[in-house]
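> Build me a model from this:
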Amino acid sequence: TRPTAIVAANDMIALGCLDVFGERRLRCPEDISLVGYNDMPFIDRLTPPLSTVRVPHYQIGAEAAQMLLDRLANPNLPAKAVTLPTTLVLRESTAPPR
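From the prediction side, this is the model:
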């Protein structure tokens, strides 16, 4: 049995999946849905526009910079884990399974 959807580790890998779909004559999303990760620029211009998970790039950089400054000011700080919100951006590369 063939999967009904693929969640790619990033949008570039999702682009590769679209190439393979074309080689195998699979239609996206009619035959198989696809979701990427990162929301790269222009990914919404594909055919079909790619559903993806948007990550907060600016927040990631700002948080990393602050953590570095804090560590430089106090090298004995304990390790810190930060979780930032992501957003699922649904576009036309996904559909309910048939």
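
> Are there helices or strands packed against the longest strand seen in the chain, and which ones?
Selection of the longest strand in the chain by residue count, based on DSSP state E, yields strand 33-38. Contact here means 3 or more Cβ pairs under 8 Å, 6 or more residues apart in numbering; DSSP states H and E; on that basis strand 33-38 packs against strand 5-7, helix 11-23, strand 51-54. To be clear about C-beta, it is placed using only N, CA and C from the backbone, and glycine gets the same treatment.

> average pLDDT across that strand?
When pLDDT is averaged along strand 33-38, the result is 97.

> In the sheet, which strands lie alongside that strand, parallel or antiparallel?
When sheet partners are counted by DSSP bridges, strand 33-38 sits next to strand 5-7 (parallel), strand 51-54 (parallel).

> measure the residue positioned nearest the centre of the chain to residue 54 for me?
Centroid-nearest residue in the chain, with Cα atoms, centre = their mean: residue 37, separated by 0.6 Å. Going from residue 37 to residue 54 by Cβ to Cβ, to the nearest Å gives 9 Å.

> Who is residue 37 paired with across the strands?
residue 53.

> Let me see the contact set for it.
Taking Cβ atoms under 8 Å, 6 or more residues apart in numbering as the contact definition, residue 37 lies against 7-11, 14, 52-53, 55.

> Could you say which one of the helices and strands packed on strand 33-38 comes nearest to residue 67?
Among those, strand 51-54 comes nearest to residue 67, with 22.1 Å by Cβ to Cβ.

> which residues sit against that closest one?
Contacts for strand 51-54 (Cβ under 8 Å, 6+ apart): 11, 14, 33-40, 43, 86-94.
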